[in-house]
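**Q** build the 3D model from these lines:
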Amino acid sequence: MKLTPPVSAARLSIFEQRFPGEEEPRDEEELERRGIPDGWICDEDDWCVFIETKVMAAVRRTQIERHRRTAERRGFRSITALVITAVDAQALPPGTVHVRWSTIYTWLHKRAATSAWAARTADYLEIAEARLIERRQFVEGTLTTFAGFPFSHDHPFTYLEGKRLLGLALEALRARSDLRKKLRMNPKVEGRGAITGRQGDLVWDYLSLSNAADAKNFTKYPHLTLGVTSSQIEAMVTFPHRINTATRQRVRAMGEEGFREVVQAVVREFAPLVRKHKGIAPWFRGVQRRYPTQRSTPILDARIDFDLRTAIPAGGPPKTQPVWLSAAYSAFANKAGSNYQIQIGALLRYDRCPELQEPGAIDLIARSWLACKPFVEIAE
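**A** Sure, this is the predicted structure:
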(Lines give C-alpha, C1' and ligand atoms only; values in the text may rest on other atoms or scores of the structure.)
Protein backbone atom coordinates (compact mmCIF):
# COMPACT_ATOMS: atom_id res chain seq x y z
CA MET A 1 0.00 0.00 0.00
CA LYS A 2 1.45 3.34 -1.06
CA LEU A 3 0.64 6.41 1.05
CA THR A 4 0.58 9.74 -0.78
CA PRO A 5 0.56 12.83 1.45
CA PRO A 6 -1.60 15.77 0.40
CA VAL A 7 1.40 18.16 0.47
CA SER A 8 5.06 17.99 -0.53
CA ALA A 9 7.46 16.15 1.76
CA ALA A 10 9.10 19.47 2.70
CA ARG A 11 5.86 20.58 4.38
CA LEU A 12 5.44 17.45 6.49
CA SER A 13 6.37 17.31 10.17
CA ILE A 14 7.90 14.31 11.95
CA PHE A 15 7.57 13.67 15.69
CA GLU A 16 9.23 10.89 17.69
CA GLN A 17 7.49 9.49 20.79
CA ARG A 18 5.44 12.62 21.40
CA PHE A 19 2.18 14.12 20.23
CA PRO A 20 2.24 16.73 17.46
CA GLY A 21 2.62 20.19 18.96
CA GLU A 22 3.90 18.95 22.33
CA GLU A 23 7.33 18.78 23.90
CA GLU A 24 9.02 15.42 24.27
CA PRO A 25 7.90 13.44 27.38
CA ARG A 26 10.18 13.89 30.35
CA ASP A 27 10.74 10.20 31.07
CA GLU A 28 9.86 6.65 30.04
CA GLU A 29 7.17 6.33 32.73
CA GLU A 30 5.21 9.22 31.25
CA LEU A 31 5.62 7.76 27.78
CA GLU A 32 4.25 4.42 28.93
CA ARG A 33 1.43 5.95 30.95
CA ARG A 34 0.14 8.08 28.10
CA GLY A 35 0.52 5.38 25.47
CA ILE A 36 2.10 7.64 22.86
CA PRO A 37 2.85 6.16 19.42
CA ASP A 38 6.50 5.75 18.47
CA GLY A 39 6.24 8.34 15.71
CA TRP A 40 4.05 10.64 13.65
CA ILE A 41 4.23 12.02 10.13
CA CYS A 42 1.64 14.75 9.54
CA ASP A 43 0.77 17.96 7.72
CA GLU A 44 -0.61 21.14 9.26
CA ASP A 45 -4.22 20.26 8.58
CA ASP A 46 -5.88 16.86 8.98
CA TRP A 47 -3.57 14.22 7.43
CA CYS A 48 -1.34 11.94 9.52
CA VAL A 49 0.41 8.61 9.77
CA PHE A 50 1.16 7.35 13.26
CA ILE A 51 3.79 4.67 13.70
CA GLU A 52 3.87 1.80 16.19
CA THR A 53 6.93 -0.47 16.23
CA LYS A 54 7.46 -3.81 17.96
CA VAL A 55 10.49 -6.07 18.14
CA MET A 56 9.74 -8.78 20.69
CA ALA A 57 6.29 -7.82 21.98
CA ALA A 58 3.11 -8.54 20.01
CA VAL A 59 1.09 -5.65 18.62
CA ARG A 60 -2.37 -5.31 20.16
CA ARG A 61 -5.42 -4.25 18.17
CA THR A 62 -6.70 -2.25 21.15
CA GLN A 63 -3.47 -0.23 21.22
CA ILE A 64 -3.84 0.77 17.56
CA GLU A 65 -7.49 1.68 18.06
CA ARG A 66 -6.57 3.83 21.07
CA HIS A 67 -3.91 5.69 19.05
CA ARG A 68 -6.46 6.30 16.28
CA ARG A 69 -8.96 7.81 18.72
CA THR A 70 -6.21 10.06 20.06
CA ALA A 71 -5.42 11.25 16.53
CA GLU A 72 -9.11 11.98 15.93
CA ARG A 73 -9.33 14.04 19.12
CA ARG A 74 -6.37 16.10 17.89
CA GLY A 75 -8.23 17.03 14.74
CA PHE A 76 -6.85 14.59 12.22
CA ARG A 77 -9.37 13.13 9.78
CA SER A 78 -7.23 11.28 7.26
CA ILE A 79 -5.46 8.79 9.53
CA THR A 80 -3.29 5.79 8.70
CA ALA A 81 -1.61 3.49 11.22
CA LEU A 82 1.79 2.08 10.26
CA VAL A 83 2.72 -1.01 12.28
CA ILE A 84 6.26 -2.42 12.06
CA THR A 85 6.94 -5.82 13.65
CA ALA A 86 9.38 -8.71 13.49
CA VAL A 87 6.60 -11.22 12.73
CA ASP A 88 3.35 -11.27 10.78
CA ALA A 89 0.57 -9.38 12.54
CA GLN A 90 -3.02 -10.62 12.54
CA ALA A 91 -6.43 -8.95 12.88
CA LEU A 92 -5.28 -5.35 12.72
CA PRO A 93 -7.94 -2.59 12.51
CA PRO A 94 -9.00 -1.13 9.13
CA GLY A 95 -6.75 1.65 7.92
CA THR A 96 -3.60 -0.09 9.18
CA VAL A 97 -0.53 -0.78 7.07
CA HIS A 98 1.69 -3.59 8.36
CA VAL A 99 5.38 -3.87 7.43
CA ARG A 100 7.96 -6.34 8.74
CA TRP A 101 11.37 -5.16 9.87
CA SER A 102 12.93 -7.61 7.42
CA THR A 103 11.20 -5.80 4.53
CA ILE A 104 12.64 -2.49 5.70
CA TYR A 105 16.07 -4.09 6.03
CA THR A 106 15.90 -5.40 2.46
CA TRP A 107 15.02 -1.91 1.22
CA LEU A 108 17.91 -0.39 3.19
CA HIS A 109 20.39 -3.06 2.10
CA LYS A 110 19.67 -2.42 -1.58
CA ARG A 111 20.53 1.26 -1.09
CA ALA A 112 23.48 0.84 1.27
CA ALA A 113 26.09 1.20 -1.48
CA THR A 114 24.88 4.70 -2.40
CA SER A 115 23.37 5.94 0.86
CA ALA A 116 25.39 6.32 4.05
CA TRP A 117 22.31 6.59 6.26
CA ALA A 118 20.78 3.47 4.70
CA ALA A 119 24.03 1.55 5.30
CA ARG A 120 24.20 2.71 8.93
CA THR A 121 20.57 1.81 9.56
CA ALA A 122 21.00 -1.65 8.01
CA ASP A 123 24.13 -2.17 10.15
CA TYR A 124 22.18 -1.12 13.24
CA LEU A 125 19.45 -3.70 12.56
CA GLU A 126 22.08 -6.42 12.04
CA ILE A 127 23.84 -5.60 15.32
CA ALA A 128 20.57 -5.32 17.24
CA GLU A 129 19.35 -8.66 15.94
CA ALA A 130 22.66 -10.38 16.74
CA ARG A 131 22.58 -9.11 20.33
CA LEU A 132 18.96 -10.16 20.83
CA ILE A 133 19.80 -13.64 19.54
CA GLU A 134 22.83 -13.84 21.82
CA ARG A 135 20.71 -12.91 24.85
CA ARG A 136 18.08 -15.45 23.70
CA GLN A 137 15.44 -12.73 23.65
CA PHE A 138 14.60 -13.29 20.01
CA VAL A 139 12.57 -16.49 19.79
CA GLU A 140 10.36 -15.58 16.82
CA GLY A 141 10.71 -13.42 13.74
CA THR A 142 13.66 -11.45 12.35
CA LEU A 143 14.79 -7.87 11.90
CA THR A 144 16.81 -8.65 8.79
CA THR A 145 16.83 -11.02 5.83
CA PHE A 146 19.57 -13.19 4.41
CA ALA A 147 21.73 -11.12 2.04
CA GLY A 148 24.79 -13.37 1.77
CA PHE A 149 27.85 -14.23 3.86
CA PRO A 150 30.06 -11.11 3.85
CA PHE A 151 33.13 -12.66 5.51
CA SER A 152 36.49 -11.94 3.91
CA HIS A 153 39.93 -10.58 4.73
CA ASP A 154 38.37 -7.12 5.06
CA HIS A 155 35.29 -8.39 6.92
CA PRO A 156 36.48 -10.98 9.47
CA PHE A 157 34.16 -13.63 10.86
CA THR A 158 32.59 -13.00 14.27
CA TYR A 159 30.55 -15.44 16.29
CA LEU A 160 27.57 -13.10 16.70
CA GLU A 161 27.30 -12.27 13.00
CA GLY A 162 27.85 -15.90 12.05
CA LYS A 163 25.07 -17.00 14.36
CA ARG A 164 22.69 -14.38 12.98
CA LEU A 165 23.39 -15.36 9.37
CA LEU A 166 23.12 -19.06 10.20
CA GLY A 167 19.60 -18.54 11.53
CA LEU A 168 18.53 -16.49 8.52
CA ALA A 169 20.01 -18.98 6.06
CA LEU A 170 18.29 -21.94 7.72
CA GLU A 171 14.98 -20.08 7.74
CA ALA A 172 15.27 -19.65 3.96
CA LEU A 173 16.43 -23.25 3.44
CA ARG A 174 13.61 -24.62 5.56
CA ALA A 175 11.18 -23.10 3.04
CA ARG A 176 12.77 -24.85 0.03
CA SER A 177 10.30 -27.22 -1.61
CA ASP A 178 13.09 -29.07 -3.46
CA LEU A 179 14.71 -30.07 -0.17
CA ARG A 180 11.36 -31.29 1.13
CA LYS A 181 10.42 -33.25 -2.00
CA LYS A 182 13.80 -34.72 -3.01
CA LEU A 183 15.48 -35.24 0.37
CA ARG A 184 12.36 -35.35 2.58
CA MET A 185 13.65 -32.56 4.76
CA ASN A 186 11.35 -32.01 7.73
CA PRO A 187 10.90 -28.22 8.19
CA LYS A 188 8.97 -28.67 11.44
CA VAL A 189 12.02 -29.79 13.44
CA GLU A 190 13.54 -26.64 14.87
CA GLY A 191 17.19 -27.68 15.05
CA ARG A 192 19.54 -27.31 17.98
CA GLY A 193 18.00 -26.15 21.23
CA ALA A 194 21.03 -24.05 22.15
CA ILE A 195 23.93 -22.96 19.98
CA THR A 196 27.06 -22.51 22.08
CA GLY A 197 30.74 -21.94 21.37
CA ARG A 198 31.06 -18.17 21.50
CA GLN A 199 34.86 -18.25 21.50
CA GLY A 200 35.16 -20.56 18.49
CA ASP A 201 35.42 -19.93 14.77
CA LEU A 202 32.46 -22.15 13.86
CA VAL A 203 28.72 -21.99 14.40
CA TRP A 204 26.40 -24.70 13.07
CA ASP A 205 22.87 -26.04 13.06
CA TYR A 206 20.91 -28.64 11.14
CA LEU A 207 17.74 -29.50 9.23
CA SER A 208 16.18 -32.88 9.97
CA LEU A 209 15.69 -35.62 7.38
CA SER A 210 13.43 -37.64 9.64
CA ASN A 211 9.71 -37.66 10.37
CA ALA A 212 10.16 -39.92 13.38
CA ALA A 213 8.48 -38.94 16.62
CA ASP A 214 11.88 -38.34 18.22
CA ALA A 215 13.39 -36.57 15.18
CA LYS A 216 14.70 -33.81 17.45
CA ASN A 217 17.19 -36.36 18.76
CA PHE A 218 19.42 -35.60 15.80
CA THR A 219 22.20 -37.98 16.87
CA LYS A 220 19.99 -40.91 15.74
CA TYR A 221 19.02 -39.77 12.24
CA PRO A 222 20.67 -38.36 9.11
CA HIS A 223 20.46 -34.59 8.90
CA LEU A 224 21.59 -31.63 6.81
CA THR A 225 24.31 -29.76 8.66
CA LEU A 226 25.12 -26.13 7.84
CA GLY A 227 28.33 -24.75 9.30
CA VAL A 228 29.43 -21.13 9.12
CA THR A 229 33.15 -20.87 9.85
CA SER A 230 35.82 -18.20 9.69
CA SER A 231 37.02 -19.44 6.28
CA GLN A 232 34.14 -21.26 4.59
CA ILE A 233 30.58 -22.52 4.50
CA GLU A 234 30.11 -26.25 5.11
CA ALA A 235 26.98 -27.85 3.65
CA MET A 236 27.10 -31.49 4.73
CA VAL A 237 24.81 -34.51 5.03
CA THR A 238 25.61 -36.08 8.40
CA PHE A 239 25.32 -39.69 9.51
CA PRO A 240 25.78 -39.22 13.28
CA HIS A 241 27.56 -41.67 15.55
CA ARG A 242 24.29 -42.95 17.08
CA ILE A 243 22.52 -43.38 13.76
CA ASN A 244 19.71 -45.93 13.81
CA THR A 245 20.58 -49.60 13.41
CA ALA A 246 18.82 -50.05 10.05
CA THR A 247 20.92 -47.38 8.36
CA ARG A 248 24.15 -48.68 9.86
CA GLN A 249 23.33 -52.19 8.65
CA ARG A 250 22.76 -50.89 5.11
CA VAL A 251 26.19 -49.22 5.14
CA ARG A 252 27.81 -52.47 6.27
CA ALA A 253 25.84 -54.62 3.82
CA MET A 254 26.89 -52.61 0.77
CA GLY A 255 30.56 -53.10 1.54
CA GLU A 256 33.37 -50.79 0.57
CA GLU A 257 32.76 -51.14 -3.17
CA GLY A 258 29.07 -50.37 -2.77
CA PHE A 259 29.93 -47.33 -0.69
CA ARG A 260 32.44 -46.24 -3.33
CA GLU A 261 29.69 -46.43 -5.95
CA VAL A 262 27.54 -44.12 -3.80
CA VAL A 263 30.42 -41.65 -3.58
CA GLN A 264 30.93 -41.86 -7.35
CA ALA A 265 27.25 -41.05 -7.86
CA VAL A 266 27.55 -38.04 -5.54
CA VAL A 267 30.60 -36.78 -7.46
CA ARG A 268 28.62 -37.04 -10.72
CA GLU A 269 25.78 -35.04 -9.17
CA PHE A 270 28.25 -32.36 -8.11
CA ALA A 271 29.92 -32.11 -11.52
CA PRO A 272 27.66 -29.41 -13.06
CA LEU A 273 27.82 -27.35 -9.86
CA VAL A 274 31.61 -27.58 -9.68
CA ARG A 275 32.00 -26.60 -13.32
CA LYS A 276 29.96 -23.45 -12.78
CA HIS A 277 31.28 -22.54 -9.32
CA LYS A 278 35.01 -23.18 -9.01
CA GLY A 279 35.03 -22.54 -5.26
CA ILE A 280 32.96 -25.64 -4.39
CA ALA A 281 34.75 -28.82 -3.30
CA PRO A 282 32.79 -32.11 -2.83
CA TRP A 283 33.96 -33.35 0.55
CA PHE A 284 34.09 -36.22 3.02
CA ARG A 285 34.69 -35.80 6.73
CA GLY A 286 34.86 -38.41 9.45
CA VAL A 287 35.19 -37.33 13.07
CA GLN A 288 35.61 -39.16 16.38
CA ARG A 289 35.11 -36.96 19.43
CA ARG A 290 33.87 -36.94 23.00
CA TYR A 291 32.19 -34.42 25.24
CA PRO A 292 33.31 -34.01 28.89
CA THR A 293 29.91 -32.39 29.60
CA GLN A 294 26.76 -31.82 27.55
CA ARG A 295 27.58 -28.18 26.72
CA SER A 296 31.37 -28.29 26.70
CA THR A 297 33.60 -28.00 23.66
CA PRO A 298 34.25 -31.53 22.35
CA ILE A 299 37.63 -33.22 22.53
CA LEU A 300 38.73 -34.29 19.05
CA ASP A 301 40.20 -37.80 19.02
CA ALA A 302 40.45 -38.39 15.26
CA ARG A 303 39.49 -36.76 12.00
CA ILE A 304 39.78 -37.61 8.31
CA ASP A 305 39.09 -35.03 5.59
CA PHE A 306 39.40 -35.46 1.86
CA ASP A 307 38.02 -34.29 -1.47
CA LEU A 308 35.53 -36.91 -2.69
CA ARG A 309 37.10 -36.79 -6.13
CA THR A 310 40.21 -38.51 -4.76
CA ALA A 311 38.13 -41.70 -4.50
CA ILE A 312 37.22 -41.73 -8.21
CA PRO A 313 39.72 -42.44 -11.01
CA ALA A 314 38.93 -39.42 -13.18
CA GLY A 315 42.31 -38.13 -14.25
CA GLY A 316 42.34 -35.33 -11.67
CA PRO A 317 42.75 -32.87 -10.30
CA PRO A 318 42.78 -33.88 -7.55
CA LYS A 319 44.83 -37.02 -8.01
CA THR A 320 43.18 -40.32 -7.16
CA GLN A 321 43.98 -41.82 -3.76
CA PRO A 322 41.37 -44.51 -2.95
CA VAL A 323 42.97 -45.35 0.39
CA TRP A 324 41.27 -42.32 1.99
CA LEU A 325 37.82 -43.69 1.26
CA SER A 326 38.87 -47.17 2.37
CA ALA A 327 39.97 -45.85 5.75
CA ALA A 328 36.87 -43.69 6.17
CA TYR A 329 34.45 -46.49 5.31
CA SER A 330 36.20 -49.08 7.45
CA ALA A 331 36.23 -46.75 10.46
CA PHE A 332 32.44 -46.27 10.22
CA ALA A 333 31.50 -49.84 9.38
CA ASN A 334 33.65 -51.17 12.23
CA LYS A 335 33.46 -48.30 14.69
CA ALA A 336 33.04 -50.58 17.73
CA GLY A 337 31.16 -48.11 19.87
CA SER A 338 33.31 -45.04 19.21
CA ASN A 339 31.71 -41.61 18.76
CA TYR A 340 32.49 -41.58 15.04
CA GLN A 341 30.28 -39.78 12.54
CA ILE A 342 30.63 -39.30 8.79
CA GLN A 343 29.62 -36.43 6.53
CA ILE A 344 29.41 -36.00 2.78
CA GLY A 345 28.75 -32.61 1.25
CA ALA A 346 30.57 -29.51 0.09
CA LEU A 347 33.02 -26.92 1.34
CA LEU A 348 32.54 -23.43 -0.07
CA ARG A 349 35.44 -21.09 0.70
CA TYR A 350 34.77 -17.36 0.94
CA ASP A 351 37.96 -16.48 -0.95
CA ARG A 352 37.19 -18.81 -3.86
CA CYS A 353 33.43 -18.51 -4.06
CA PRO A 354 32.37 -14.84 -4.29
CA GLU A 355 28.79 -15.98 -4.94
CA LEU A 356 28.53 -16.59 -1.20
CA GLN A 357 28.28 -12.84 -0.64
CA GLU A 358 24.95 -12.71 -2.48
CA PRO A 359 21.45 -13.89 -1.50
CA GLY A 360 21.93 -16.64 -4.10
CA ALA A 361 24.24 -18.39 -1.64
CA ILE A 362 21.09 -20.12 -0.38
CA ASP A 363 20.72 -21.83 -3.74
CA LEU A 364 24.36 -22.99 -3.70
CA ILE A 365 23.86 -24.59 -0.30
CA ALA A 366 20.59 -26.27 -1.30
CA ARG A 367 22.05 -27.59 -4.56
CA SER A 368 25.06 -28.96 -2.66
CA TRP A 369 22.75 -30.92 -0.37
CA LEU A 370 20.67 -32.11 -3.31
CA ALA A 371 23.80 -33.45 -4.99
CA CYS A 372 24.19 -35.74 -1.97
CA LYS A 373 20.89 -37.54 -2.67
CA PRO A 374 22.61 -40.92 -3.43
CA PHE A 375 24.11 -40.76 0.07
CA VAL A 376 20.83 -39.72 1.69
CA GLU A 377 19.06 -42.65 0.00
CA ILE A 378 21.12 -45.11 2.05
CA ALA A 379 18.98 -44.17 5.02
CA GLU A 380 15.63 -44.60 3.27
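
**Q** burial check on residue 95, number of neighbours?
**A** The number of residues packed near residue 95 is 11, by other CB atoms under 10 Å. To be clear about C-beta, it is placed using only N, CA and C from the backbone, and glycine gets the same treatment.

**Q** make 782 the first number, not 1, from now on.
**A** Let's use 782 as the start, then, which means that last one is residue 876.

**Q** who touches it in this structure?
**A** 849, 860, 861, 862 (CB atoms under 8 Å, 6 or more residues apart in numbering).

**Q** rerun that using 10 Å as the cut-off
**A** The contact partners of residue 876, taken as CB atoms under 10 Å, 6 or more residues apart in numbering, are 845, 849, 859, 860, 861, 862.

**Q** farthest-apart pair in these, please.
**A** Largest separation among the contacts of residue 876 by CB to CB: 845 and 859, giving 16.2 Å.

**Q** more neighbours, these two?
**A** Comparing residue 845 with residue 859 by other CB under 10 Å, the one with more neighbours is residue 845, at 20 against 16.

**Q** helix or strand for the more buried one, which one?
**A** Residue 845 is part of helix 842-854, with elements assigned from DSSP states H and E.

**Q** give me the pLDDT value at the spatially closest residue to residue 990 that is not a sequence neighbour.
**A** Using CB to CB, 6 or more residues apart in numbering and skipping the chain neighbours, the partner closest in space to residue 990 is residue 1003 (4.8 Å). Residue-level confidence at residue 1003 comes out at 93, pLDDT.

**Q** please name the residues that touch residue 1003.
**A** Contact analysis of residue 1003 by CB under 10 Å, 6+ apart lists 964-965, 987, 989-991, 1018-1021, 1024-1025, 1028, 1153, 1156-1157, 1159-1161.

**Q** need the distance between the two termini of stretch 1017-1032.
**A** 18 Å (CA to CA, to the nearest Å).

**Q** again with stretch 827-847
**A** End-to-end distance for stretch 827-847: 18 Å, by CA to CA.

**Q** so which bits of it are buried?
**A** Within stretch 827-847, the residues that count as buried by 16 or more other CB atoms under 10 Å are 828, 829, 830, 831, 832, 833, 834, 835, 836, 840, 844, 845.

**Q** so which of those residues sit within strands?
**A** Members of the buried residues of stretch 827-847 lying in strands (criterion: DSSP state E): 828, 829, 830, 831, 832, 833, 834.

**Q** got those as TSV, with pLDDT columns?
**A** Below are these laid out as TSV (pLDDT from 0 to 100):
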residue	pLDDT
828	95
829	94
830	96
831	96
832	95
833	95
834	93
